[in-house]
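1. Turn this into a model:
(chains A and B)
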Amino acid sequence: MNTETDAIESWLVDRVVAYGRVDTGTFTPETPLAELGLDSVYALTLCGDIEDEYDLDVDPTIVWDHPTIRELAGGISERLAAA
Amino acid sequence: MTRSVLAGRGAVADLNRYLGDPRDPSAVISIERSLELDEASAYPGDAVDALDAWKLHRYYAPAEHGGELRDVFVPMMMIRSTAARDLTVAVAHGISFLGAVGAWIAGGPIAATMAELVLDAAPLSWGLTERGRGSDLSATATTAAIGSSIVVDGVKWPVNNASRGRAMTVLARTSDAPGPRALSLVLVDKGRVDARTLATQPKVATYGNRGADISGLAMRRTTVERDRLVGEPGLGLEIVLKSLQFTRPLSTALSLGAADHAVDVAVEFAASRRLFGRELGSLPAARATVGTAVADALLAECVVFAGAREAHHAPQELALVSSLVKFLVPDTVDLLFRDLTSFLGARSQLVGFAGAGEFQKAARDNRAVGIFDGNSVVNLNMIVNEFTAITRPEDAADIGGILRDFRVDAEPETWVDPLRLRLVTRRGSRLLRALPVFADLLGSRGSAAPAHDITAELDRLLDAAGTAPRQAAPSAASFDVAMRLALCFGAACAIAVELAGRGSGSEASEARLLAILERIAVRLGLVRSESAASSAVALAGQAFETAGSRGRLSMLEGWGNPL
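-> Numbering: from 1, shown residues only, chains lettered A, B, ... in the order given. Down below sits the predicted model:
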């Protein structure tokens, strides 16, 4: 994993905590997002935040295909590299 | 005009001629026969066969797969024409489009397989729902084990055409892993599987569309070939959600047909009924009631048209647009039926003598449109989920582009590119974004006043949407904002259609737009209904005049909307 993916991962952790469903330290980047109180509505919000932060065009299916913070960070990183 | 425009419109006109006058008992679809079948909850088999004989099914398959489907508005107008005569017949035939559309989204060899079925006039169904799981498709329990073949196990119910359909596109679980990628679509062709593994479940008794085959199909270790997957494994829910973006606007053509039917009955009643020694239609209060219903019907027409146009020209926004259309059109037409019920009085409910019966059937049939393919609550929820996108800052919409796309003679020549569809939009709908400029473009016209009032309301709604909390179960306040946003969207659709029309700005066209916008302002609670009465009365005048020459008022000049 490169530093960029690390940075994305920690940004995602911050976002998930900001949604207020889980506290810092109660989950890992490998906990499924669905277990972090991230229902489909928050998945939409998260997609919007990803778009705004990284200027990427993402659909909620990115969360379907990358269902943990670690996988999602990898997915975002791949798309940034391809952009 | 291109050749395909003329071909599309010509085909709609041809279907109308073929279907004939429903008051003629020998017509393909006659009111008399429709009411008989409805009373008996019997399937309208003769009418469905007649539509097959006319080859309506060819308009359900894209041209690239051998069919006639190019502009999706063409089959929508055909469904409208059919539904205006008998909505149950349109539901019974149109369901094959819904059963097939997943294959057009998925593409690949399965699209060719599906096209063979469609072009063979095979009745199709779409097996999404299961008993006890409501609208939650992610809870699908039917399984499909993928090996060298696919073994399907489960029960789909209640499903339109489940018993009569030759093939069903089945949503099934293909993986034990949690999440949306565990679902896939499988085409189960009853002619190609062991019939002993299938069992139909009896038809459900329904309030409307009584004759439709709303039943179930049980599959017990039903084996289908490996190449019968509709899309790759794991893409099932995504394909369904994208398919629904087409089928939602498509199904509102049913409501539009119902609205045509209701307005016909009301206009005829107003012309034939005498009250206080005068023709009912000459009394101002009666004219206002009829005019209000016509305004609702014209709004519905503009919104259905917008749904079709945006499918082709703004597919990346269809996630939102399809929900706005699917909420607003059935809701508006339900309202139209309720208002005309008191106008028609007893005959709105009665069955068994001339002129009565058809209204109550159309009203019941239309109620179902707000339920299937995502009910009104589901659609409002989708709109609430888009609040972030709708309120995101964005450059002004490309007005010239919208007006080009909304010309009635700008018929798209190819079916939609499914790769441009998204599950959620980035910036909402360009039509909502365009409303302030649209209002300005009306200049000094009378319709500018309600347009500006509605624009001001849109600003308030966007503020409310921007601060609404994100919740899996939205508050009643958020639902209310979503409903009101849909009305503002309707205003934008109506203005776009009017401005793009050839007769834009003429006295008659302005009178139609004014009545539509004032009606929306009343529904939004911005003005009292009395202040919209004079525009409604004027619109009723146009409707009576058009009916006198055996026509129906329309916002879409040239598309022909004959009685």
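2. what packs against the one helix or strand residue B:151 maps to?
-> Here residue B:151, judged by DSSP states H and E, is contained in strand B:149-160. For strand B:149-160, the elements it packs on are helix B:87-106, strand B:124-127, strand B:143-146, strand B:167-173, strand B:183-189, strand B:214-225, judged by 3 or more CB pairs under 8 Å, 6 or more residues apart in numbering or on different chains; DSSP states H and E. Every C-beta, even on glycine, is put in place using the N, C-alpha and C of the backbone.
3. Residue B:395: how many residues sit nearby?
-> Number of residues near residue B:395 (other CB atoms under 10 Å in any protein chain shown) recorded here: 7.
4. Pretty sure it sits in a helix.
-> No - with the criterion set as DSSP: H, G, I helix; E, B strand; the rest coil, the secondary structure at residue B:395 is coil rather than a helix.
5. Next, give phi and psi for it.
-> Phi and psi for residue B:395, reported as degrees, to the nearest 10, are phi -60, psi 160.
6. mind checking pLDDT for it?
-> For residue B:395, the pLDDT comes out at 79.
7. So which residues make contact with the helix or strand in which residue B:460 is found?
-> Taking DSSP H and E as the criterion, residue B:460 maps to helix B:448-467. Helix B:448-467 has contacts (CB atoms under 8 Å, 6 or more residues apart in numbering or on different chains) with B:387, B:390-391, B:432, B:435-436, B:438-439, B:442, B:477-478, B:481, B:484-485, B:487-488, B:491, B:495, B:514, B:517-518, B:520-521, B:524, B:526-527.
8. thinking again about what came up before, need the helices and strands packed on strand B:149-160 in JSON lines (columns: distance to chain A, mean pLDDT and mean neighbour count).
-> Converted to JSON lines, the helices and strands packed on strand B:149-160 look like this (distance: least, CB to the nearest CB, whole Å; pLDDT from 0 to 100; neighbours: other CB atoms under 10 Å in any protein chain shown):
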{"stretch": "helix B:87-106", "distance to chain A": "14", "mean pLDDT": "97", "mean neighbour count": "28"}
{"stretch": "strand B:124-127", "distance to chain A": "21", "mean pLDDT": "98", "mean neighbour count": "28"}
{"stretch": "strand B:143-146", "distance to chain A": "18", "mean pLDDT": "98", "mean neighbour count": "18"}
{"stretch": "strand B:167-173", "distance to chain A": "15", "mean pLDDT": "98", "mean neighbour count": "26"}
{"stretch": "strand B:183-189", "distance to chain A": "10", "mean pLDDT": "98", "mean neighbour count": "25"}
{"stretch": "strand B:214-225", "distance to chain A": "25", "mean pLDDT": "98", "mean neighbour count": "19"}
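9. List of residues touching the worst-scoring helix or strand of chain B on mean pLDDT?
-> Here the helix or strand of chain B ranked lowest by mean pLDDT, DSSP states H and E is strand B:274-275, holding a mean of 74. Contact with strand B:274-275 is made by B:280, B:283, B:286, as judged by CB under 8 Å, 6+ apart.
10. Which elements pack onto whichever helix or strand residue B:484 is part of?
-> Applying DSSP H and E as the criterion places residue B:484 in helix B:476-500. Packed against helix B:476-500, as judged by 3+ CB pairs under 8 Å, 6+ apart, are the following elements: helix B:284-313, helix B:318-344, helix B:376-385, helix B:387-391, helix B:399-405, helix B:430-441, helix B:448-467, helix B:507-523.
11. again, 6 Å this time
-> Packed against helix B:476-500, as judged by 3 or more CB pairs under 6 Å, 6 or more residues apart in numbering or on different chains; DSSP states H and E, are the following elements: helix B:284-313, helix B:318-344, helix B:376-385, helix B:399-405, helix B:430-441, helix B:448-467, helix B:507-523.
12. Contact partners for the closest residue to chain A within the stretch 451-563 of chain B?
-> In the stretch 451-563 of chain B, the residue found nearest to chain A is residue B:472; the distance is 4.5 Å by CB to the nearest CB. Contacts of residue B:472 were listed using CB atoms under 6 Å, 6 or more residues apart in numbering or on different chains, and they are A:39, A:41.
13. and the helix or strand following the least confident helix or strand of chain B, which strands flank it?
-> Remark: after strand B:274-275, the chain's next helix or strand is strand B:278-279, criterion DSSP H and E. Using DSSP bridges, the strands paired with strand B:278-279 are strand B:274-275 (antiparallel).
14. check which helix or strand covers the closest residue to chain A within the stretch 201-350 of chain B.
-> Of the stretch 201-350 of chain B, the residue with the smallest distance to chain A, taken as CB to the nearest CB, is residue B:238 at 5.9 Å. Secondary structure here is read from DSSP H and E; on that basis residue B:238 sits in helix B:236-272.
15. So which elements touch that helix?
-> helix B:73-85, helix B:87-106, strand B:183-189, helix B:284-313, helix B:318-344, helix B:358-367.
16. hmm, back to that, can you check which of the helices and strands packed on helix B:476-500 gets nearest to residue B:60?
-> Comparing the helices and strands packed on helix B:476-500 by their distance to residue B:60 (CB to CB), the top pick is helix B:284-313, with 14.7 Å.
17. which of the residues in that closest one are buried?
-> Residues of helix B:284-313 classed as buried by neighbour count (16 or more other CB atoms under 10 Å in any protein chain shown): B:286-313.
18. Who are the packing partners of it?
-> Identification of packing neighbours for helix B:284-313 by 3+ CB pairs under 6 Å, 6+ apart yields helix B:236-272, helix B:318-344, helix B:476-500, helix B:507-523, helix B:533-548.
19. Let me have those in JSON lines, extended by distance to residue B:27.
-> JSON lines is the format used below for these (distance: least, CB to CB, whole Å):
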{"stretch": "helix B:236-272", "distance to residue B:27": "14"}
{"stretch": "helix B:318-344", "distance to residue B:27": "23"}
{"stretch": "helix B:476-500", "distance to residue B:27": "31"}
{"stretch": "helix B:507-523", "distance to residue B:27": "30"}
{"stretch": "helix B:533-548", "distance to residue B:27": "19"}
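20. closest one to residue B:400 among the ones you listed?
-> Between residue B:400 and those, the shortest separation by CB to CB is 10.4 Å, and it involves helix B:476-500.
21. list the buried ones in that closest one?
-> B:478-479, B:481-500.
22. mind listing what residue B:510 touches?
-> Contact partners of residue B:510, counting by CB under 6 Å, 6+ apart, are residue B:445.
23. Show the pLDDT at it.
-> Confidence at residue B:510, expressed as pLDDT, is 98.
24. Next: residue B:426.
-> So residue B:426 comes in at 89 (pLDDT).
25. which stretches of chain A have low pLDDT?
-> A:1-2 (pLDDT under 70).
26. Near chain B, which residues of it are found?
-> A:39, A:41, A:44, A:45, A:48, A:59, A:60, A:61, A:64, A:67 (CB under 6 Å from any CB of the partner chain).
27. Report the buried members of those residues.
-> The neighbour-count test (16+ other CB under 10 Å) applied to those identifies A:41, A:44, A:45, A:48, A:59, A:60, A:61, A:64, A:67 as buried.
28. Please report how far the last one lies from residue A:30.
-> When CB to CB, to the nearest Å is the yardstick, residue A:67 and residue A:30 sit 10 Å from each other.
29. coming back round to it: how about the residue of the stretch 201-350 of chain B closest to chain A: what's its closest non-neighbour residue?
-> Excluding the flanking residues, the one nearest residue B:238 by CB to CB, 6 or more residues apart in numbering or on different chains is residue A:61, at 5.9 Å.
30. And the one you found, its phi and psi?
-> Comment: the main-chain dihedrals of residue A:61 come out as phi -60, psi -20, following degrees, to the nearest 10.
31. Could you report the pLDDT at the residue nearest the centre of chain B?
-> For chain B, the residue nearest the mean C-alpha position is residue B:252 (1.2 Å; CA atoms, centre = their mean). For residue B:252, the pLDDT comes out at 97.
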